[in-house]
Structures are given as C-alpha cells and as structure tokens.
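> show me the folded form of this:
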Amino acid sequence: MTTASPQQIAAQLGSGLLSFPVTHFRADGSFDEAAYRENIAWLGQFDASGLFAAGGTGEFFSLTPGEVEQVVTAAVQEAPAGLPVIAPTGYGTATAVEMARSAERAGAHGLLLLPPYLTEASQRGLVEHVVRVCAATELGVTLYSRANAAFSDVAVAELADRCPNLVGFKDGIGDIEQMTRIYARVGERLTYVGGLPTAELFALPYLALGVTTYSSAIYNFVPEFALAFYRAVREQDTEFVRNALNDFVIPYCELRNRKSGYAVSIIKAGMKVIGRPAGPVRTPLTDLDDVEVAELADLVKRVS
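Below is the predicted model of the structure:
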C-alpha cells in the first residue's frame, strides 16, 4: 500500500463502498483513542474500499490539528492491510498545507480536502487554494465540493490539468446539471465520490454520472445493509434499491432532518443502538433525544 501511486489509490477508492467512521469521545468530550482503535478494527472485518478518518462524519470540524493527526495515526495503525486510509485537511490554505504534511507523517495514503472555513471565495481563489495544497504533498488529493467551496466545471478542469496528484472529486452539492458538466468536461481523469448527507439516497441516479462510489455514514452501524445496498446500486438492481429506500433510507433521512447537524449525530445514535457506543457529539452539535434514538432503533431492526 505504501508504494501505491495516487492514481492507484483513487482507482481502489472508486471500486467499492467508502467508510467514514465516527470519532469516539468520552463523556467529557476528550478523544477516546482506545475505543476508536477497537472500532476501526471491527469495521475492518467488512468490505469497504477506503477509510476516511476524521472526515465530516468523524467531526473534523470539532477536532484540533493535533487531534486529527492522532486520529489518523490510530486509523492507519488499526486498519487492515490493503485498506487505504484517507486523512482530512481543510480550513485556510496555510493550515491545510500543514495538515497535509501531518497526514504524511501519520502514514495516510491520501487526502480529502474539505472546504475552507467560514469565508466565501471566488473560483480563482478556490483554484489557487487547491493548487497550493496539492503542491505541498505527494499524496493523492480528493477535492470536496460543498457549501462555500462549490467548484465549477471550468475550475475542476483547470485543477485536473495543473495538479497531477488531484485524483478525486467528491460532490456535496447535489446539482445534477453541474455534475453532468464536470463529468462531461473532465471524464475519467478523476474518481468521483458521492458526498451528500446519506449518499444512499442519491446513489442510483449518480451512477450514470460516473459516481461509482460514495461516503456511507450508515456503514458505521449497519455495515452489512450498507454493503448490500451498494452492490444493488452497482448492479442496478432497482427493486432492491427501491425497497431499501422505502424500508430504511427515506424514513432514516426524515429522522436525520429533524434538526440541523443530525447528519452526524444520528450516526453516533446508531452506534449506541447496536451496542457500540461512540460517546457524545461535540458542541455545537447536539445528540438525539431518547425518543429519537428509540425511533432509530426501530428502523435498524428492519434491516438487521
């Protein structure tokens, strides 16, 4: 794995389902490394094609840079051989560069570049931000287009030309026209990753746009169902997908939409439901209440 090129890592990521594990916290909010390591080993029993440590589901936004390196190091050490571990980087350019170098020290196999913090920026500014991060590392970089970092097809094409180690594009916008434009312009130069909250809801229509994989948050607590759903998508088994959407994914999304931030909180609630608690979410997020956890438990029973 350590000798695999960024392009080889990207090809592996695009070949199967992607795991985005939660980050374990104690009751006081501190990182519970022992519990996190044990969970990474447990998830390693299943058949994901890549593990994104301390990503959005892993509460990247609430971790210090030092904690991110600690989480990534633990994931690299506990993940099974052959499973690439992708580290996060983000915030302003200088911080993103430092975090990219930290990921290399930790032994990560690639990077997920999340949107800059807070500020809006022009397409030119976003392009130069990505160029500088890519230039600071030998790791392959997957660009996360979301929120205040919505990249145009022209910008993505320029980045693909200027950055040899830009290997992936993760979509968190959900604009079908824009994804069509990006795929038409850039083609198979990049690996495309579905990155909308509860990506299963969009997986089948996105497949036609070259999005062969997605970040599965529900893989954290219903891994076998998540993998079965992914296989059905790739095989275009529309009957299975439709039934799974009605039985679990859509009612799950309705529960997730109860409050802002629940896209992460509901995953930790799911971990609690299956008897693998990962502790609370960090503020400013809030946990599900007892009634909502009970509703989630009923949904999990449908697919367990």
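> quick one, strands of this protein?
18-19, 50-52, 85-89, 110-113, 140-145, 166-171, 191-194, 213-216 (DSSP state E).
> for residue 12, which of those is the nearest?
Closest to residue 12 of the strands of the chain is strand 50-52 (CB to CB; 6.7 Å). To be clear about C-beta, it is placed using only N, CA and C from the backbone, and glycine gets the same treatment.
> quick one: strands adjacent to that closest one?
On the basis of DSSP bridges, the sheet neighbours of strand 50-52 come out as strand 18-19 (parallel), strand 85-89 (parallel).
> what angle sits between the longest one and strand 166-171?
What it means is strand 85-89. Taking axes from the mean of the first three to the mean of the last three CA atoms, to 10 degrees, one finds strand 85-89 and strand 166-171 inclined to each other by 70 degrees.
> buried set for strand 85-89?
Buried residues in strand 85-89, counted by 16 or more other CB atoms under 10 Å: 85-89.
> now the strands paired with strand 50-52 in TSV, with mean pLDDT?
Output for the strands paired with strand 50-52, formatted as TSV (pLDDT from 0 to 100):
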stretch	mean pLDDT
strand 18-19	98
strand 85-89	98
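> can you say which of these is nearest to residue 291?
So among the strands paired with strand 50-52, strand 18-19 is nearest, using CB to CB, at 28.9 Å.
> who touches the closest one?
By CB atoms under 8 Å, 6 or more residues apart in numbering, the list of residues contacting strand 18-19 from outside reads 43, 46, 48-52, 193, 213-216, 219-220.
> quick one: which of the residues you listed has the most company?
residue 52 (31 neighbours; other CB atoms under 10 Å).
> show me the helices in the stretch 151-300 of the chain, by range?
For the stretch 151-300 of the chain, applying DSSP state H, counting those that start in this stretch gives helices covering 153-162, 176-186, 203-207, 223-234, 238-244, 250-256, 262-273, 290-303.
> winner for burial among those helices?
helix 262-273 (a mean of 23; mean count of other CB atoms under 10 Å).
> what angle do that one and helix 290-303 make?
70 degrees.
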